[in-house]
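Q: need a 3D model of the sequence below.
(one chain, ligands or ions: 1)
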Amino acid sequence: MSAEKRELRPATRLVHGGTMRSQFGETSEAMFLTQGFVYDTGEAAEARFNGDDPGFVYSRYANPTVAMFEERMCLLEGAEAARAVASGMAAVNAALTCDLKAGDHVVASRALFGSCQYIIAELLPRFGVASTLVDGTDLDAWRNAVRPETRTFFLESPANPTLELIDIQAVAAIAREAGARLVVDNVFATPLFQQPLALGAHTVVYSATKHIDGQGRCLGGVVLSDAEWVEGKLAPYLKHTGPSLSPFNAWVLLKSLETLPVRVERQAASAARIADAVAGHPAIARLFYPGRDDHPQAGIARRQMTAGGTMVAFEVKGGKAGAFAVSRALEVVRISNNLGDAKSLVTHPATTTHQRLSDEERAALGIGDGLLRLSVGLEDPEDLVEDLLRALDTAVPSELRRAS
Ligand SMILES: *Cc1c(COP(=O)(O)O)cnc(C)c1O
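A: Sure, this is the predicted structure:
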């Protein structure tokens, strides 16, 4: 069957799309653990190298299993082209660096994954690329940050860990007007619940380590965009700098895409159930879930996301001690810094993922000492609700505890 047909729905494309069968006609996609390729003749090798024959040359440039993963991601995202790389950070770094030179300027939202912040605020300036961090929710701040040499906009929505949303369509319009390209890190939304390219972004990046693997096994990343940019800018950069995805990891990720909708829809349904169950608990000062009407940007969530996602954040009363007490009391949910896993994971951003920031920087991002970020897994949602309610109950003085 031709899964490339546009009429097929995402879940179908994720099972069949991009499959390249070998001469053996295998059902499941083959894992091509090979560095290189052999040629029948010198002429054949020459034709591969000069591009007359589009076949494979060397796995740092391209590999059949990696190519199947890239094609399946393109079909999911509705992108013209993609390149898979070794990690999410390799994807972010390549998407930015392949297109920038000394003298250029980048504008990014302040609420960023720590390593994205490092690349934009520390690494790029060392090579003469200036950057400005703005409050991503303030459209005037994006407009005012633009300079004649602004070349790239970068954002993450929902942002880690506060689940703050940025209006992607509006920022994409500002980028276009400025002659800049908008790159969106779409990890928290997942490719199923938010499609930045359709909202006007030029490039989408993923850490495939998260929901795409979804079972905590291997690292991976992917960059998706228009064919001209991918072939002209991204592909040469990757080919010559070498952050290649291993074919083994590509195979794991390729097979994971088959189950992505089943997993992520279940996780999002559980996240919504958990958010409703714990909201209003006396131990919680504030709760953030993009699928709830009380999310500060519920309108944006409805416009650009098709579900609230798999992450829930909440501020526990009593600061760090309160947050640690709740984390410690959890029996099913595990303490970890990762997300998007089959296992539910809780993170205390102020002491882990965002420890590097100053108190003032954390306060500006809304990362309080009591904030916990929950990545909802595939366990029975009722076990998760019971686990969380029991843990939250331990964190409130007995006179305030729920009658239940
Ligand atoms: C995890 C993550 C990354 C980095 O991905 P790795 O695969 O760990 O390199 C980048 N952005 C966001 C939003 C992430 O959650």
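
Q: for the protein, which helix is longest?
A: helix 247-278 (DSSP state H).

Q: the next helix or strand after that one: partners in the sheet, and parallel or antiparallel?
A: Using DSSP states H and E, the helix or strand that follows helix 247-278 in sequence is strand 284-288. Strand pairing for strand 284-288, determined by DSSP bridges: strand 311-316 (antiparallel).

Q: confidence score at whichever residue of the stretch 201-350 of the chain sits closest to the ligand?
A: The ligand sits closest to S207 of the stretch 201-350 of the chain, with a gap of 2.9 Å, by CB to the nearest ligand atom. From N, CA and C alone the C-beta is placed, and that goes for glycine too. As predicted, S207 sits at a pLDDT of 98.

Q: okay, and the beta partners of it?
A: Going by DSSP bridges, S207 forms beta bridges with G221.

Q: what's around it, how many residues?
A: Using other CB atoms under 10 Å, S207 is surrounded by 25 other residues.

Q: and if you look at the one 4 residues further on?
A: The burial metric for H211, expressed as a neighbour count using other CB under 10 Å, is 27.

Q: quick check, it in contact with M311.
A: No. Using CB atoms under 8 Å as the test, H211 is too far from M311 to be in contact (10.1 Å).

Q: tell me which parts of this protein are close to the ligand?
A: 87-89, 92, 113, 116, 156, 160, 185, 187-188, 207, 209-210, 219, 221 (CB under 6 Å from any ligand atom).

Q: hmm, which of those residues are the buried ones?
A: Neighbour counting with 16 or more other CB atoms under 10 Å marks 87-89, 92, 113, 116, 156, 160, 185, 187-188, 207, 209-210, 219, 221 as buried within the residues of the chain next to the ligand.

Q: re earlier: now do the contacts for the residue of the stretch 201-350 of the chain closest to the ligand.
A: 87-89, 91, 187, 219-221 (CB atoms under 8 Å, 6 or more residues apart in numbering).

Q: equivalent analysis for L357, please.
A: Here L357 is in contact with 114, 365, 367 (criterion: CB under 8 Å, 6+ apart).

Q: ok, and the most crowded of these?
A: Of the contacts of L357, with other CB under 10 Å as the count, I367 tops at 24 neighbours.

Q: hang on, isn't it packed against N160?
A: No. Using CB under 8 Å, I367 makes no contact with N160, being 9.7 Å away.

Q: any residues in contact with both of these two?
A: Common neighbours of I367 and N160 (CB under 8 Å, 6+ apart) are P349.

Q: how about the contacts of S207, which pair is most distant?
A: V187 and L219 (12.8 Å; CB to CB).

Q: mutual contacts of these two, please.
A: With CB under 8 Å, 6+ apart as the test, V187 and L219 both reach 88, 207.

Q: tell me how the protein divides into domains.
A: 10-257, 260-402 (automatic domain parsing).

Q: now do the end-to-end distance for the longest one.
A: Separation of the first and last residues of domain 10-257 by CA to CA, to the nearest Å is 10 Å.

Q: give me the phi and psi for G309.
A: The phi/psi pair for G309 (degrees, to the nearest 10) reads phi 90, psi -180.

Q: quick one: the strands in the stretch 1-150 of the chain, in order.
A: 81-85, 105-109, 130-134, 150-156 (DSSP state E, counting those that start in this stretch).

Q: other residues contacting the longest one?
A: Right, strand 150-156. By CB under 8 Å, 6+ apart, strand 150-156 touches 96, 99-100, 104-109, 111-113, 116, 120, 136, 142, 166, 168, 171, 174-175, 178-185, 187-188.

Q: can we see that at 7 Å?
A: 96, 99-100, 104-109, 111-113, 116, 120, 136, 166, 171, 175, 178, 180-185, 188 (CB atoms under 7 Å, 6 or more residues apart in numbering).
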